[in-house]
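In: model the structure of this input:
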Amino acid sequence: MAETITETIQCDVAVVGTGMAGMAAAIFAAGRGLSTVCVGKPSEMSFASGCLDLFARIPATGTQTAQGFDDPFEGIETLSRCQPGHPYARLTRDEIAAGFKAFTDFMGDAGLPYHCSPGANQKIITPAGTLKSTFCVPATMMAGSRALAGKNPVLIVDILGLKGFGARQMAQTLKAHHPEINSVSIAFPGRETAGDLMCERLAWDLETPDTLNRFIDLLRPHVKGYTAVGLPAILGIYRFSELLATIQDQLGVGVFEIPTLAPSVTGMRTREAFLTRAASAGIRHFPVFVKEVAVDEDFRFFVTQGTQTLEVCARHLLLGSGRFLGRGLGKGDNEIQEMLFGLPVIQPADRGDWFSPDFFDPAGHPVNRAGIETDDAFRPLSADGKVFHHRLYAAGSILAHQDWKRERSGSGLSIATAFKAVSAIADDMK
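Out: Got it, this is the predicted structure:
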């Protein structure tokens with residue numbers, strides 16, 4: 001066995017977590033010239049649609065029905081008035097917009113361009129055959145959003161053997177909103193008898209020129225008369241912009257992707273774009289979970305890299321560890337716990353109140369609003385209401401008083417709170 005080497009890495013900021021909040025925080029910190037270490041396994045990104053939601057609805061409560069918003073900023077203003085404890089209530093419109101610009105600029109430079117409409121959410125088709133409101137749409141989905149907005153003829157194509165993506169069911173469900181929508185099923189070239197198919201495998205297949213050409217030939221007889229053709233998101237992991245352009249040029253029609261169930265190729269692209277550009281951006285990434293952090297004047301923890309053990313010594317630390325999936329929160333015997341520092345978690349007093357008796361309660365479940373409390377700079381608070389450590393920050397879904405799934409605010413919450421937290425760190429470094 002090779003000799004274990006211990007090295008100390010001094011940095012301005014350590015980011016724990018590589019979901020959306022962790023990636024955004026690392027991007028913002030490095031962009032401000034701060035030495036940055038990011039730790040965590042970005043596996044949860046495989047569940048992401050690739051779209052960047054900002055805000056779309058205030059969920060129902062016991063006395064109020066849900067409110068939907070076409071303008072996400074109007075929704076956030078209304079939300080902040082009625083829920084002053086919500087993380088969005090600590091943010092200005094300019095801070096949110098600046099965070100989205102910095103994040104999408106980074107992703108665009110990494111080869112993953114987005115289209116954001118400043119004053120309105122855009123619509124995309126989901127694999128359930130519903131319309132979803134989102135703020136920033138990947139370029140590979142834009143032809144679909146434009147076709148929906150223009151009420152233009154749309155064809156949805158599914159692949160025989162691809163589970164969780166039924167073009168006929170999607171088209172039938174959407175006809176009430178978009179009458180000129182139809183469907184067709186095709187066999188994937190080379191996998192006609194393969195049985196159950198996975199999106200990731202098909203994405204790799206389409207990177208091969210021969211398979212791509214055969215795929216286009218199968219599509220060609222079906223696209224006449226349509227403005228846009230929707231495909232499951234399988235157009236490659238790295239060369240998706242090139243593949244999309246090739247298919248559109250060959251067919252002479254707009255082509256767009258529809259997000260699929262996990263594991264999601266669109267989420268994988270986001271992860272790969274971050275990891276590919278991280279080093280050149282000045283971000284040192286370690287794909288490990290941190291289980292313990294020593295706190296004195298700085299934050300110290302250990303990571304491994306091959307046979308080496310390295311100590312990270314960070315002046316500031318930002319928790320972007322997420323909730324249960326990202327291991328930011330966990331379940332104790334009778335309570336929800338923050339897993340790294342033992343920070344107090346805002347939650348129902350009794351475990352029996354974590355969930356509503358009605359699984360489909362439109363108000364959601366109280367456990368979905370559990371999380372850590374912070375000050376206006378997103379520094380976590382102790383049980384006595386004081387700042388736990390003046391250089392510890394948090395961002396994203398680990399924060400209390402929000403239900404990002406029902407609000408359609410997951411990416412926006414992560415990006416915007418990370419932006420403000422990192423801004424506070426940068427100010428502290430002056």
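
In: tell me the helices and strands packed up against the helix or strand hosting residue 272.
Out: For residue 272, the host element (DSSP states H and E) is helix 265-281. With contacts taken as 3 or more CB pairs under 8 Å, 6 or more residues apart in numbering; DSSP states H and E, helix 265-281 sits against helix 20-31, helix 93-109, helix 199-206, strand 283-286. C-beta: built from backbone N, CA, C; applies to glycine.

In: can we see that at 10 Å?
Out: helix 20-31, strand 36-39, helix 93-109, strand 136-138, helix 199-206, helix 240-251, strand 254-258, strand 283-286 (3 or more CB pairs under 10 Å, 6 or more residues apart in numbering; DSSP states H and E).

In: which of those sits most buried?
Out: Highest mean neighbour count of the helices and strands packed on helix 265-281: helix 20-31, a mean of 29 (counted as mean count of other CB atoms under 10 Å).

In: so how far is it from its chain's centroid?
Out: 13 Å (CA atoms, centre = their mean, to the nearest Å).

In: between it and helix 93-109, how many degrees?
Out: 90 degrees (axes from the mean of the first three to the mean of the last three CA atoms, to 10 degrees).

In: now do helix 20-31, average pLDDT.
Out: Helix 20-31 shows a mean pLDDT of 97.

In: stretch 315-334 now?
Out: pLDDT averaged over stretch 315-334 gives 90.

In: stretch 61-68 too?
Out: For stretch 61-68, mean pLDDT is 80.

In: ok, residues contacting that stretch?
Out: Residues from elsewhere that reach stretch 61-68, judged by CB atoms under 10 Å, 6 or more residues apart in numbering: 56-60, 75, 78-79, 82-83, 121, 133, 361-364, 406-408.

In: among those, which are in strands?
Out: Those of those mapping onto strands are 57, 58, 133, per DSSP state E.

In: check contacts around the second one.
Out: In other words, residue 58. 64-69, 75-76, 78-79, 82-83, 86, 403, 406-407.

In: that one and residue 356, how far apart?
Out: 17 Å (CB to CB, to the nearest Å).

In: hang on, the earlier thing: of the contacts of stretch 61-68, grab the buried ones for PyMOL.
Out: For the buried members of these, the matching PyMOL selection, counting by 16 or more other CB atoms under 10 Å, is:
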select buried, resi 56+57+58+59+75+79+83+121+133+363+364+406+407+408
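
In: list the buried residues in the helix holding residue 272.
Out: 265-275, 277-278, 281.

In: wait, which of the residues you listed is closest to residue 109?
Out: If you rank the buried residues of helix 265-281 by distance to residue 109 using CB to CB, residue 277 comes first, at 6.8 Å.

In: tell me the pLDDT of the residue nearest to that closest one when sequence neighbours are not counted.
Out: The shortest distance from residue 277 to any non-neighbouring residue, by CB to CB, 6 or more residues apart in numbering, is to residue 110 (4.2 Å). With respect to pLDDT, residue 110 scores 95.

In: do a quick rundown of the helices in the stretch 301-430 of the chain.
Out: 404-407, 410-429 (DSSP state H, counting those that start in this stretch).

In: least reliable of the ones you listed by average pLDDT, please.
Out: Going by mean pLDDT, the lowest-scoring of the helices of the stretch 301-430 of the chain is helix 404-407, which has a mean of 92.
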